[in-house]
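[1] my questions are about this predicted structure, shown below with the sequence.
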There are 2 protein chains.
Amino acid sequence: MDKDKKILIVGLGMIGASYAEKLHSCGWFTGGISARESTVKKALDSGIIDCGTVDVTKEFVSQFDIVVFALYPKLFIKWVQEHQDCLKSGATITDVTGVKCSVVYRIQKMLRSDVEFIAAHPMAGRELSGIDNRNTKVFEGANFIVTPTPANTQKAIDTACEIGRILGFGNISILSPEEHDEMIAFLSQLTHCIAVSLMCSKDSAHLVDYTGDSFRDLTRIANINENMWPELFSMNKIQLLEQMELFEKEFDRLKDAIAADDIDTVKQMMITSTERRKLFNK
Amino acid sequence: MDKDKKILIVGLGMIGASYAEKLHSCGWFTGGISARESTVKKALDSGIIDCGTVDVTKEFVSQFDIVVFALYPKLFIKWVQEHQDCLKSGATITDVTGVKCSVVYRIQKMLRSDVEFIAAHPMAGRELSGIDNRNTKVFEGANFIVTPTPANTQKAIDTACEIGRILGFGNISILSPEEHDEMIAFLSQLTHCIAVSLMCSKDSAHLVDYTGDSFRDLTRIANINENMWPELFSMNKIQLLEQMELFEKEFDRLKDAIAADDIDTVKQMMITSTERRKLFNK
């Protein structure tokens, strides 16, 4: 990607600010837009952006060749609805949104024909938020998923993949928005639902005195941003409910086997589980 | 605890061998018994025990004042049934078993009156097994639970707590066997059931290319010893099934809220979850 391309990050939260920091440190000219004056000031003071503003103007936005939206999904859609006239003709826009079908097709449908939207999902979220928690190390070795549609050009797909490589992601995949949403419903949304349900199951301040590491591991993500996640769940509802049912079916199979003293089934599930988990060892 | 007390570890797996190593390095005379000649040899060669054998004889066993059983629960019960005549008169025996009610009362009932059994559970298990995976660091800062019954003396309870402190545990608690089993069913057994069910839910070798850290965290313990855990589950079946139902109730509450677009309930569960999880931050 040419170093003379200017990159704008809209939304300077944990992920947006980490994008800005990494791209800036690799030599790109970066701009930032945040709803908060204090965030723009922090980003400028820490030198992760070259220029920034809270005001969305054509003058400011149209200097950028690439625009990365690091906003909650509904805000992202609203931004494009209200401000797409500010974008430079020929610009490529991309995002970091955790759900795809309900965002990608809608944005592509409403977008000016001289601007291209190529969607991406950096799998590097943390149970932290805000510019102060930016951390470019979370990208290292992590997974990056680009989700093109038939409307996308190869050039835009290549640009999205290259951004992933520049950020330091270890593995870059291409999936359709539909495949992405099924995968993410299972790997990320379902696991968050499990952690939240587990934490809501018992109210005892003493649990921490008796716990081993397993409970700690399963509930790390129970520390969850209650403003972002309900939106992600609702925008991927059908897929998420399907994955929840799938998990519950297996959970019930195990429960029934334990209840019936069916040691063979319990053992077989553990063997399958151990076998499959091996692939995930880092 | 006097340094002239001799300590025998029966079972030199991951936990037993870690006990031997730590107690030996702190200056105690340690003996070891394993079913395998090669394990006894390894323990002797690495200097974590002063003497060891595969043969359970009165001559060998009766030299020890304290005996720690680091065996699967059923093997532990069988050992006491078959070999308790080998124990020294006045000896204190303890264990590391992950379930208590179904073990403690049975052992105490059958045990000679001149030997005392005080049960304990070091919450330092790992998804690893065997003497080669011994690691005294797993004890550091971890939780150690002593589960006395009315049949125990204060002296034996103190001895068990002191062993926990010598091993380096950060927090030593006393619970009844019943309280222990409820807590462990929730914190440890349920979490293992969740991890196994999650891993059994989807068969795709590609999942690893799309995953973030949350799925990895939730399934670390899906790498599970299929010989030990079915036994632990079955010996704590009633409590475990109760905790599984409890979790499923909350999981269904969340599922129903997502299905009904009841954002308030989803949000409220996340707030509760985040609030409670704070206690577990290390």
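    Perfect, I can see it now.

[2] domain map for chain A?
    Domain assignment for chain A by automatic domain parsing gives A:6-175, A:180-280.

[3] for residue B:17, find the nearest of those.
    Proximity to residue B:17 (C-beta to C-beta) singles out domain A:180-280 among the domains of chain A, at 18.4 Å. Every C-beta, even on glycine, is put in place using the N, C-alpha and C of the backbone.

[4] mean confidence for the closest one?
    For domain A:180-280, the mean pLDDT works out to 94.

[5] sorry, back to before: residue B:210 is nearest to which of the domains of chain A?
    Of all those, it is domain A:180-280 that lies closest to residue B:210, at 4.8 Å by C-beta to C-beta.

[6] and the closest residue to residue A:132 other than its chain neighbours, what is it in contact with?
    Of all residues not flanking residue A:132 in the chain, residue A:42 sits nearest, at 7.6 Å (C-beta to C-beta, 6 or more residues apart in numbering or on different chains). Residue A:42 is in contact with A:12, A:131, A:132, counting by C-beta atoms under 8 Å, 6 or more residues apart in numbering or on different chains.

[7] pick out whichever of these sits closest to chain B.
    Closest to chain B out of the contacts of residue A:42 is residue A:132 (17.2 Å), distances taken as C-beta to the nearest C-beta.

[8] that closest one and residue A:50, how far apart?
    Distance of residue A:132 to residue A:50, given as C-beta to C-beta, to the nearest Å: 20 Å.

[9] and the two? Which one has more around it.
    The residue with more neighbours, out of residue A:132 and residue A:50, is residue A:50; 16 against 11, by other C-beta atoms under 10 Å in any protein chain shown.

[10] what bridges to the closest residue to that one other than its chain neighbours?
    Nearest non-adjacent residue to residue A:50, counting by C-beta to C-beta, 6+ apart: residue A:29, 5.3 Å away. Taking DSSP bridges as the rule, residue A:29 bridges to residue A:6.

[11] wait, residue A:29 touches residue A:7, no?
    Yes: counting by C-beta atoms under 8 Å, residue A:29 does reach residue A:7; the two are 7.0 Å apart.

[12] between the two, which one's more packed in?
    Shown here are residue A:29 and residue A:7; by other C-beta under 10 Å, residue A:7 has more neighbours (25 against 18).

[13] residues touching residue A:241, list them.
    Neighbouring residues of residue A:241 by C-beta under 8 Å, 6+ apart: B:255, B:258, B:259.

[14] quick one: the last one and residue A:237 touch, right?
    This points to residue B:259. Yes: contact criterion C-beta under 8 Å: residue B:259 and residue A:237 qualify, at 7.3 Å.

[15] the more surrounded of those two?
    For residue B:259 versus residue A:237, neighbours defined as other C-beta under 10 Å are more numerous around residue A:237 (17 against 13).

[16] chain neighbours aside, what residue packs nearest to that one?
    Spatially, and ignoring its direct neighbours in sequence, residue A:237 is nearest to residue B:258 (6.1 Å; C-beta to C-beta, 6+ apart).

[17] so how far is residue A:52 from the one you found?
    According to C-beta to C-beta, residue B:258 and residue A:52 sit 36 Å apart.

[18] same check, this time on residue A:59
    Distance from residue A:59 to residue A:52, by C-beta to C-beta: 14 Å.

[19] which one's more surrounded, those two?
    Ranked by neighbour count (other C-beta under 10 Å), residue A:59 and residue A:52 place residue A:52 first, with 23 against 9.

[20] let me know the secondary structure of the spatially most central residue of chain A.
    Most central residue of chain A, judged by C-alpha distance to the mean C-alpha position with C-alpha atoms, centre = their mean, is residue A:98 at 4.0 Å. Following DSSP: H, G, I helix; E, B strand; the rest coil, the label given to residue A:98 is coil.

[21] which residues touch it?
    Here residue A:98 is in contact with A:73, A:121, A:125, A:184, A:188, A:232 (C-beta under 8 Å, 6+ apart).

[22] strands along the stretch 101-250 of chain A, start to end?
    A:116-117, A:120-123, A:143-146, A:171-174 (DSSP state E, counting those that start in this stretch).

[23] so what touches the second one?
    Okay, so that is strand A:120-123. Strand A:120-123 has contacts (C-beta under 8 Å, 6+ apart) with A:15, A:94-98, A:100, A:139, A:142-147, A:160, A:163-164, A:167, A:169, A:180, A:184, A:188, B:210-212.

[24] now swap in the last one and tell me
    Residues outside strand A:171-174 that contact it (C-beta under 8 Å, 6+ apart): A:141-148, A:157, A:161, A:164-165, B:209-210.

[25] for it, give the mean pLDDT please.
    What strand A:171-174 shows for mean pLDDT is 95.

[26] name the residues of the stretch 1-150 of chain A found near chain B, please.
    Contacts of the stretch 1-150 of chain A with chain B, taken as C-beta under 8 Å from any C-beta of the partner chain, map to A:123, A:124, A:125, A:126, A:142, A:143, A:145.

[27] the residues you listed: which two are farthest apart?
    For the residues of the stretch 1-150 of chain A next to chain B, and using C-beta to C-beta, no pair is farther apart than A:126 and A:145, which are 17.2 Å apart.

[28] of these two, which one has the most company?
    Taking neighbours as other C-beta under 10 Å, residue A:126 and residue A:145 compare with residue A:145 leading, 24 against 18.

[29] just the buried members of the contacts of strand A:171-174?
    Buried members of the contacts of strand A:171-174, scored by 16 or more other C-beta atoms under 10 Å in any protein chain shown, are A:142, A:143, A:144, A:145, A:146, A:147, A:148, A:157, A:161, A:164, B:209, B:210.

[30] so what's the fourth one bridging to?
    It refers to residue A:145. Here residue A:145 shows beta-bridge partners residue A:121, residue A:173, assigned using DSSP bridges.

[31] give the contact list for it.
    By C-beta under 8 Å, 6+ apart, the residues touching residue A:145 are A:120, A:121, A:123, A:172, A:173, A:174, A:175, A:180, B:210.
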